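[1] Sequence and predicted model, in that order:
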Amino acid sequence: MPGLRGRVVGQHWYTPYVFMLPGLLFYAAMFAWPAVIAIQLAFSDYDIVHPVRFSGLDNFVRLAHDPRVWIALRNSLLFVLMFLPLTVVAPLFLAMLVNLKLRAIQAFRMLYYLPVITSMVAVAVAWRYVFNREGVVNWVLGLFGAGPIDFLLDRHWALPTVVLLEAWKNAGLFMMIYLAGLQSVPSDQIEAATIDGANAWQRLLHVVVPSLRPTFAVTLVLSMLEAMRAFESVYVLTRGGPLDSTLTLGYYIWSKAFEDYDMGYASAVGLLLWAIMIVLAGFNLLVTRRRDV
């Protein structure tokens with residue numbers, strides 16, 4: 001029987017690729033080919049109306065001297081720094097909460113995950129009413145004699161407000177990732193630590209967290225990529241304002257492409273964003289592998 005299996009696999013070595021073909025074709029049509037077109041446009045001058053004209057490195061020279069690009073890059077990096085604690089640390093405690101053996105715990109998991117499957121546009125519109133000058137948040141602050149605060153019109157509050165929205169919407173996704181990791185932690189290790197006298201905090205630091213290193217790597221990468229490409233929330237809440245305080249690279253690319261119709265320059269900025277995301281993901285992978293070694 002093993003020999004027969006080997007002969008069949010040897011005669012039909014292409015069988016796995018046949019099953020992979022539809023997915024590969026879809027990837028090529030929806031991702032690979034548009035990426036090739038974007039790289040081509042980054043070295044071209046194209047405004048939709050006129051034909052594509054090769055411009056060499058002009059877009060990249062312009063990018064290097066464009067102050068709004070560096071403002072958007074600074075805001076995107078600040079976005080990442082504020083976003084990571086809310087999506088890497090906080091969801092772990094949520095996952096520990098919904099991992100308890102309690103009655104109706106599935107309902108709590110569903111409630112925490114519900115924002116993930118809700119449209120970002122719908123969520124952002126709701127949050128715009130919650131955080132405006134007459135919204136619920138300012139009403140609560142008024143009960144304590146504080147406010148009102150123009151969260152979306154104050155350049156110091158606008159970016160943290162957008163980050164909070166993105167973190168709240170994505171917390172359920174990272175909670176489920178951590179939940180899967182928690183359920184794979186060996187129970188005998190936790191029991192052994194308990195017998196040795198370790199309290200809950202010590203079990204978390206010395207047993208649970210080391211077991212979740214691969215999970216932390218996944219959540220770090222997903223969080224950084226999600227933060228760097230933030231667009232919908234910025235578009236609905238602030239349109240990059242006030243005074244470019246929430247201007248992110250994702251929104252700036254859209255603005256240059258579909259407001260100014262400067263497709264070539266937008267593609268060049270898109271390549272910058274793509275390169276930064278690859279560097280961040282690679283750095284995280286390198287750090288994670290070193291720790292595992």
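    Yep, that arrived. Not measured: the values here are computed from a predicted model. Numbering: from 1, shown residues only.
[2] which helix is the longest one in this protein?
    helix 263-292 (DSSP state H).
[3] three-state assignment of residue 153?
    coil (DSSP: H, G, I helix; E, B strand; the rest coil).
[4] show me where the protein has strands.
    Listed in chain order, the strands found in the chain under DSSP state E are 44-45, 53-54.
[5] what sits up against stretch 110-123?
    By CB atoms under 8 Å, 6 or more residues apart in numbering, the residues outside stretch 110-123 that reach it are 94, 98, 165, 168-173, 175-176, 232-233, 236. C-betas here are computed from N, CA, C, even on glycine.
[6] And for stretch 197-204?
    So stretch 197-204 is in contact with 96, 190, 193, 194, 206, 207, going by CB under 8 Å, 6+ apart.
[7] Restricted to helices, list the residues you listed.
    96, 190, 193, 194.
[8] Would you reformat the residues you listed as CSV and include neighbour count, distance to residue 37 and pLDDT?
    Formatted as CSV, these follow (neighbours: other CB atoms under 10 Å; distance: CB to CB, whole Å; pLDDT from 0 to 100):
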residue, neighbour count, distance to residue 37, pLDDT
96, 16, 45, 88
190, 16, 52, 79
193, 17, 55, 80
194, 14, 58, 81
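[9] Could you point out which of those residues is nearest to residue 275?
    residue 96 (36.4 Å; CB to CB).
[10] quick one: low-confidence ranges for the stretch 101-250 of the chain?
    Along the stretch 101-250 of the chain, no part satisfies pLDDT under 70.
[11] Going along the chain, name the helices of it.
    Per DSSP state H, counting those that start in this stretch, the stretch 101-250 of the chain carries helices over the ranges 105-113, 120-131, 136-143, 158-182, 187-195, 200-203, 209-211, 213-228, 232-237, 249-258.
[12] and of these, who's closest to residue 48?
    helix 249-258 (9.3 Å).
[13] Sort out which residues of that closest one are buried, please.
    The neighbour-count check on helix 249-258 (16 or more other CB atoms under 10 Å) flags 249, 250, 251, 252, 253, 254, 255, 256, 257 as buried.
[14] how many neighbours does residue 91 have?
    As a burial measure, residue 91 scores 24 neighbours (other CB atoms under 10 Å).
[15] got it, and the one 4 residues further on?
    With neighbours defined by other CB under 10 Å, the count for residue 95 comes to 24.
[16] repeat for residue 93
    11.
[17] Mind pulling up the pLDDT for it?
    pLDDT recorded at residue 93 is 89.
[18] Let me know the pLDDT of residue 40.
    Residue 40 is given a pLDDT of 92.
[19] Return the residues in contact with it.
    Here residue 40 is in contact with residue 52 (criterion: CB under 8 Å, 6+ apart).
[20] what's the spacing between it and residue 235?
    Between residue 40 and residue 235 the computed distance is 26 Å (CB to CB, to the nearest Å).
[21] give the contact list for residue 238.
    Residue 238 sits next to 152, 158, 162, 245, 246 when contact means CB under 8 Å, 6+ apart.
[22] could you redo the last one with a cut-off of 7 Å?
    When the contact criterion is CB atoms under 7 Å, 6 or more residues apart in numbering, the partners of residue 238 are 152, 158, 162, 246.
[23] Likewise for residue 249?
    So residue 249 contacts 72, 73, 76, 228, 269, 273 (CB under 7 Å, 6+ apart).
[24] what about it, distance to residue 273?
    In terms of CB to CB, residue 249 sits 5 Å off from residue 273.
[25] Residue 53 is in contact with residue 43, correct?
    No - between residue 43 and residue 53 there is no contact under CB atoms under 7 Å: 10.3 Å.
[26] Those two: which has the busier surroundings?
    residue 43 (18 against 10).
[27] what sits against the more buried one?
    54, 55, 56, 59.
[28] Tell me the one of those nearest residue 220?
    residue 59 (31.3 Å).
[29] how much space between residue 239 and residue 268?
    22 Å.
[30] So these two - more neighbours on which side?
    residue 268 (28 against 13).
[31] Tell me which residues touch the more buried one, please.
    42, 59, 60, 63.
[32] Take the residues you listed and lay them out in a markdown table including distance to residue 121 and neighbour count.
    A markdown table is the format used below for the contacts of residue 268 (distance: CB to CB, whole Å; neighbours: other CB atoms under 10 Å):
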| residue | distance to residue 121 | neighbour count |
| --- | --- | --- |
| 42 | 29 | 23 |
| 59 | 30 | 23 |
| 60 | 33 | 16 |
| 63 | 29 | 17 |
